[in-house]
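Undergrad: A structural model of the following input is requested.
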Amino acid sequence: MFDLEKAVAEWRRQLSSGGVESAELLDELEGHLREETEELKQSGSSEEEAFTVAAEKMGRAPSLKTEFELAERVGGTLAQKFLRILFPFAFNPNLSLTNNMNTSNPNLEPTWATYTKASVFVAPAVLLWAPFMIFVFPKVNEVCLDAGMRLPFAYRCGWVVKDHFAIIGAGLLLAIGLLEWRVGRWARYRRAVLGTAVFLLNSTVLVWIAGTVVLALMADPALIQHAK
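TA: Residues are numbered from 1 along each chain as shown. Next comes the predicted model:
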């Protein structure tokens with residue numbers, strides 16, 4: 001009877017004897033192998049068939065070692081450094097390796113780690129935006145109204161978000177919960193989606209606050225003129 005754990009252990013041993021000696025790389029490759037095997041099993045293949053096909057997709061030790069060495073050489077390119085800084089939790093540490101390898105699912109990070117990092121990175125935007133909306137923006141709005149200026153539509157939307165923040169937050173949590181529960185492929189794109197969303201949210205908050213300051217500066221001369 002086929003034993004997946006024994007097969008994986010033998011597969012690791014063959015890779016190690018073939019020149020892939022890095023324990024970190026072996027763990028990463030094993031993660032790819034197990035995820036690919038699980039996907040094939042869900043498609044109707046037996047466990048043994050799924051493992052065999054997944055192992056063939058992964059390739060043999062010499063080719064994997066060559067790809068890893070190539071990834072190490074090109075992994076420090078400017079574009080990839082920029083991506084790692086821009087989306088620090090949306091991609092694997094070995095971005096080039098996961099792009100070069102013939103695997104279907106590059107997501108190896110635990111679910112809890114992805115959501116924890118997303119929460120940490122989104123916290124500054126929320127903590128900056130909330131008090132600004134409560135204490136600063138109403139004053140800016142008052143100044144603009146006194147100066148006869150109408151707030152742009154994007155800023156009026158800010159009031160809607162503030163007034164329904166709890167409902168919007170609950171809706172987002174519900175949507176994520178449904179994705180985790182019902183969409184099997186969500187795990188493949190989880191980090192990329194959350195990384196992009198957090199980056200866009202932080203950028204939007206910064207631009208929104210900067211725009212509010214610009215509105216206040218524009219309204220001040222108009223308010224002075226209106227007072228005269």
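Undergrad: which stretches of the chain have low pLDDT?
TA: Scanning the chain with the threshold set as pLDDT under 70 gives 59-109, 220-228.
Undergrad: what ranges do the helices span in it?
TA: 4-17, 23-42, 47-58, 61-74, 78-86, 95-100, 111-131, 137-146, 153-163, 165-182, 186-227 (DSSP state H).
Undergrad: Would you convert the ones you listed into JSON lines that also reports mean neighbour count?
TA: Just so you know, the C-beta spots here come from the backbone N, C-alpha and C atoms, and that holds for glycine as well. Shown next, in JSON lines, are the helices of the chain (neighbours: other C-beta atoms under 10 Å):
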{"stretch": "helix 4-17", "mean neighbour count": "14"}
{"stretch": "helix 23-42", "mean neighbour count": "17"}
{"stretch": "helix 47-58", "mean neighbour count": "17"}
{"stretch": "helix 61-74", "mean neighbour count": "15"}
{"stretch": "helix 78-86", "mean neighbour count": "12"}
{"stretch": "helix 95-100", "mean neighbour count": "18"}
{"stretch": "helix 111-131", "mean neighbour count": "14"}
{"stretch": "helix 137-146", "mean neighbour count": "16"}
{"stretch": "helix 153-163", "mean neighbour count": "12"}
{"stretch": "helix 165-182", "mean neighbour count": "11"}
{"stretch": "helix 186-227", "mean neighbour count": "15"}
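Undergrad: ok, the residue most central in space within the chain to residue 133 distance?
TA: Nearest residue to the geometric centre of the chain (C-alpha atoms, centre = their mean): residue 195, 2.5 Å. Per C-beta to C-beta, to the nearest Å, residue 195 is found 25 Å from residue 133.
Undergrad: and what of residue 25?
TA: For residue 25, the distance to residue 133 equals 47 Å [C-beta to C-beta].
Undergrad: Spatially, which residue comes closest to residue 218, not counting chain neighbours?
TA: Nearest residue to residue 218 in three dimensions, chain neighbours excluded: residue 149, at 7.1 Å (C-beta to C-beta, 6 or more residues apart in numbering).
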